[in-house]
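Asks: would you be able to build a 3D model of this:
(one chain, ligands or ions: 1)
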Amino acid sequence: MRLPKFEYLGPKTVQEACSLLSQHGDKAKVMAGGTDVLNVMKERKITPQYVVGISGINELDYIKADADGIKIGALATLTSMANSSAIREKCPCLAEVPLKMATVQIRNMGTLGGNLCNAAPSADTAPILICLGAKAKIAGPNGERVVALEDFFTGPGKTVLGSGELLVEIQVPNQPASTAGAYLKMSRVSVDLAIVGVGVVLTRDGDSCKDIKITLGAVAPTPIRAKKAEAVVKGKKIDDALLEQAGKIASEEAKPIDDVRGSAFYRTEIVKVYTKRAIKQAMEQAN
Ligand SMILES: Cc1cc2nc3c(=O)[nH]c(=O)nc-3n(C[C@H](O)[C@H](O)[C@H](O)COP(=O)(O)OP(=O)(O)OC[C@H]3O[C@@H](n4cnc5c(N)ncnc54)[C@H](O)[C@@H]3O)c2cc1C
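Replies: Below you'll find the predicted structure:
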């Protein structure tokens, strides 16, 4: 399938990109790695007059650790996240996620910013980042603002980004001692989109779980926290009965639909099993 005609604009700074986006409004579309956006353009689902290619904005391609945690520029690729020593040391559960996504070629091109701004309910990087308490830094015509990643998604393909705004950075705070996480993904084949994704980050205290966040992907219009399941586990000694109960409650919090990848019933059952497994895995890692 051929791409529709468009004019390519290649800003070199965030300020230049925001001003082009403000100037062209709905006629313009941001492109980072292009692994999502070019497909929807080929399918004529969108036909922007201008493509604002941000891949030349070098200031957005970084991963660094500082006293507060890890800062990941929007243009960091999925491959660079998996290979990052800062992420591997501070948040090994986050480094594992890109390895469960797509193919090597897509991971080399696809960016973290693109995965989040595409806002697919199945976006694999979202659940674990939400569990880690990540924040999204947004730049726009009126300056910068920071929002909790949990509040970034507003619906399938929709985010809080306004006209002229660009996601510029993801901030992952330092985690307390004895904290670990796990992301479990069910998909038809390993390179496919998630039928269900379950992220867990918890802090262990002996045999008990001191604190926990559980985020479900691909079972609602946006990634969602399973807060009732979290409340059941928090402060308790982890045993099989509690894991069973947490899985059941998380599955009741999911709001899945039937689609080409899986039925709502199947998704609900997988949430039940994967929540149990992810908590167990995170407890083992936090040991
Ligand atoms: C074969 C294949 C397999 C895939 N497998 C997976 C998978 O397993 N899991 C998964 O989650 N995804 C998967 N994807 C989807 C995709 O590859 C990822 O979402 C990727 O991270 C997108 O990044 P990108 O840089 O290519 O985004 P682009 O295609 O460049 O952009 C995606 C969207 O985000 C917007 N955007 C990009 N960057 C910014 C920014 N900084 N600020 C504002 N808006 C921005 C664009 O306008 C567009 O709407 C797959 C895609 C393909 C083609």
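Asks: now the helices for this protein?
Replies: 14-24, 37-42, 78-83, 85-90, 92-96, 104-109, 112-118, 125-131, 227-233, 240-253, 264-285 (DSSP state H).
Asks: out of these, which one sits most buried?
Replies: helix 125-131 (a mean of 29; mean count of other C-beta atoms under 10 Å). Yep, even glycine has a C-beta here, placed from its N, CA and C like the rest.
Asks: packing partners for that helix?
Replies: Applying 3 or more C-beta pairs under 8 Å, 6 or more residues apart in numbering; DSSP states H and E, we find helix 125-131 packed against helix 92-96, helix 112-118, strand 179-186, strand 196-205, strand 208-217.
Asks: could I get the helices of the chain as TSV with mean pLDDT and distance to the ligand?
Replies: Output for these, formatted as TSV (pLDDT from 0 to 100; distance: least, C-beta to the nearest ligand atom, whole Å):
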stretch	mean pLDDT	distance to the ligand
helix 14-24	98	9
helix 37-42	97	4
helix 78-83	98	6
helix 85-90	97	16
helix 92-96	98	13
helix 104-109	97	5
helix 112-118	98	2
helix 125-131	98	7
helix 227-233	98	23
helix 240-253	98	20
helix 264-285	98	16
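Asks: to residue 57, which of those helices lies closest?
Replies: helix 14-24 (6.1 Å; C-beta to C-beta).
Asks: contacts for that closest one next, please.
Replies: Under the contact criterion C-beta atoms under 8 Å, 6 or more residues apart in numbering, helix 14-24 has outside partners 9, 11, 28, 30, 49-50, 52, 54, 57, 59-60, 139-141, 163-166, 168.
Asks: find the residue at the geometric middle of this structure.
Replies: residue 126 (1.9 Å; C-alpha atoms, centre = their mean).
Asks: isn't that one up against residue 220?
Replies: No: the pair residue 126 / residue 220 is not scored as a contact, 11.5 Å apart, by C-beta atoms under 8 Å.
Asks: any idea which of the helices of the chain gets closest to residue 173?
Replies: Nearest of the helices of the chain to residue 173, taken as C-beta to C-beta: helix 85-90 at 9.9 Å.
Asks: from the chain's centroid, how far away is that closest one?
Replies: Distance, stretch centre to chain centre, for helix 85-90: 17 Å (C-alpha atoms, centre = their mean, to the nearest Å).
Asks: what do you get for stretch 124-135?
Replies: Computed by C-alpha atoms, centre = their mean, the chain-centroid distance of stretch 124-135 equals 6 Å.
Asks: tell me the contacts of residue 87?
Replies: 63, 70, 72, 81, 94, 95.
Asks: change it to 6 Å
Replies: 81, 94, 95 (C-beta atoms under 6 Å, 6 or more residues apart in numbering).
Asks: got it, and residue 237?
Replies: Residue 237 is in contact with 207, 208, counting by C-beta under 6 Å, 6+ apart.
Asks: hey, what's it bridged with?
Replies: Counting by DSSP bridges, residue 237 is bridged to residue 208.
Asks: tell me the pLDDT of it.
Replies: In the prediction, the pLDDT value recorded for residue 237 is 97.
Asks: quick one, phi/psi of residue 46?
Replies: Dihedral pair for residue 46: phi -130, psi 150, per degrees, to the nearest 10.
Asks: number the chain from 237, please
Replies: Understood, numbering begins at 237; the last thing we discussed is residue 282.
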